[in-house]
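Trainee: sequence first, then the predicted structure:
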Amino acid sequence: MTKSIGIIGAGAWGTALGQVLSKGKRDVLIWAKEPEVVEEINNDHKNTLFLPDIPLHKNLKATNSLDEVSKRDILLLVTPAQFVRKTLENLKSELSEGKPVVICSKGIELDSGLLLSQVAQEVVPDATIAILTGPTFASEIAQGLPSAVTIAINDADAGHELQEALGVKGFRPYITDDIIGTQLGSAIKNVIAIACGVIYGRKLGDSARAALVTRGIAEIARLGVTMGAKKETLLGMCGVGDLMLTCSSMQSRNFSLGIALGEGKTLEEILKSRNAVTEGVYTAKAALELARQNAVDMPITEIVHKCLNEGLSIDDAIESMLSRPFKHQISNNNR
């Protein structure tokens, strides 16, 4: 039996998911807070505000009623990370026990330092919580270009059902039970992408960017393993895969923000020109707090946080990173 799907959030990623999942006869309803977006999706089959130039399937329907969308069999939560708690609080009276709630946002709650799955467990403890993430750009997914994602969930049977319900040709979900590693990889890669953008904006070269990506993977893995994640998760799609994509393309809001910083623009100027959230701006502070709580050294994350939130100049940030003491890297296999 085909499951009906409700998507909460009609930004670029939410709309792209609605597009790919509405293929065939799937019952997909997407919620948007903007009345003009609802009207345009329903009447003109497009979303020019968040996903321009992409014709949408006619069976993708939109609503501004959370009550209506919450009645679907599976809910995909695609709001900005800092609004996940509030959205779930608005939904909790409508959620039946065991209803799958799939969090498709990437980030760490700033006020609490909690991963989004932990936020969901606090607010809707009776729901079945999953995480969907991976190396994807919304415009490519909406065009039907091939991609793969990770679904992290503790319940293997529920994971298989989600895989069948959300998987379509060209959009391939893989299941893992590593909820912590999946979220840390997909969240902190946005911070590393900002740093990579700065390198690109300052024309410091591809060699420097490759080195930073490599060290970024190392510091994400240090935190992940300390918090109980599996290292192999961070070598997969929601770790290395997502990091490679986000650190190398202007389609990435985090990478392009870093480029603008490297070229001399202020954070305020950059954010004023955007109609979508750049999650790495918020994740940097939250990830650094997690690192401090777990006594993990995360120098790239710390430098990005200081640039974004404490007024550290780009020149001083680069000088600080290049002046760090040399370290040994010894493989256990060689001992």
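Mentor: Looks like it came in fine. Numbers count the residues shown, from 1 in each chain.

Trainee: could you say which helix or strand holds residue 67?
Mentor: Assigned by DSSP states H and E, residue 67 belongs to helix 66-69.

Trainee: what helices and strands are in contact with that helix?
Mentor: Secondary-structure packing of helix 66-69 (3 or more C-beta pairs under 8 Å, 6 or more residues apart in numbering; DSSP states H and E): strand 5-8, strand 28-31. Any C-beta I mention is one placed from the backbone N, CA and C, and that applies to glycine too.

Trainee: so which of those strands is nearest residue 277?
Mentor: Residue 277 sits nearest to strand 5-8 of all these, at 14.9 Å, using C-beta to C-beta.

Trainee: and the closest residue to residue 281 other than its chain neighbours, how far from residue 260?
Mentor: Nearest residue to residue 281, sequence neighbours excluded (C-beta to C-beta, 6 or more residues apart in numbering): residue 308, at 5.8 Å. Between residue 308 and residue 260 the distance is 12 Å, computed by C-beta to C-beta, to the nearest Å.

Trainee: that older thread, so what's the residue nearest to residue 281 up against?
Mentor: Applying C-beta atoms under 8 Å, 6 or more residues apart in numbering, one finds that residue 308 lies in contact with 194, 267, 281, 284, 285.

Trainee: show me the strands in the stretch 201-335 of the chain, by range?
Mentor: Counting by DSSP state E, counting those that start in this stretch, no segments of the stretch 201-335 of the chain form strands.

Trainee: what number of residues lie near the nearest residue to residue 170 once chain neighbours are set aside?
Mentor: In this structure, residue 170 finds its nearest non-sequential neighbour in residue 146, 4.5 Å apart by C-beta to C-beta, 6+ apart. Residue neighbour count, defined by other C-beta atoms under 10 Å, stands at 10 for residue 146.

Trainee: returning to that earlier point: after the helix holding residue 67, which helix or strand is next?
Mentor: That would be, after helix 66-69 and using DSSP H and E, strand 74-77.

Trainee: just the CA coordinates of that next one, formatted as CSV?
Mentor: This file holds the C-alpha atoms of strand 74-77, laid out as CSV (Å, rounded to 0.1, in the frame of the first residue of the first chain):
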residue,chain,number,x,y,z
ILE,A,74,4.7,9.9,6.8
LEU,A,75,5.9,13.4,7.8
LEU,A,76,9.1,15.0,6.4
LEU,A,77,10.3,17.9,8.5
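
Trainee: hang on, the earlier thing: these two touch, right, the residue nearest to residue 170 and residue 135?
Mentor: No: between residue 146 and residue 135 there is no contact under C-beta atoms under 8 Å: 11.7 Å.

Trainee: can you give me the buried ones in the helix or strand hosting residue 85?
Mentor: Assigned by DSSP H and E, residue 85 belongs to helix 84-91. For helix 84-91, burial by neighbour count (16 or more other C-beta atoms under 10 Å) applies to 84, 85, 87, 88, 91.

Trainee: what's the distance between the closest residue to the second one other than its chain neighbours and residue 315?
Mentor: What it means is residue 85. Distances taken as C-beta to C-beta, 6+ apart put residue 119 closest to residue 85, at 5.1 Å, once the chain neighbours are dropped. Relative to residue 315, residue 119 is positioned 37 Å away (C-beta to C-beta).
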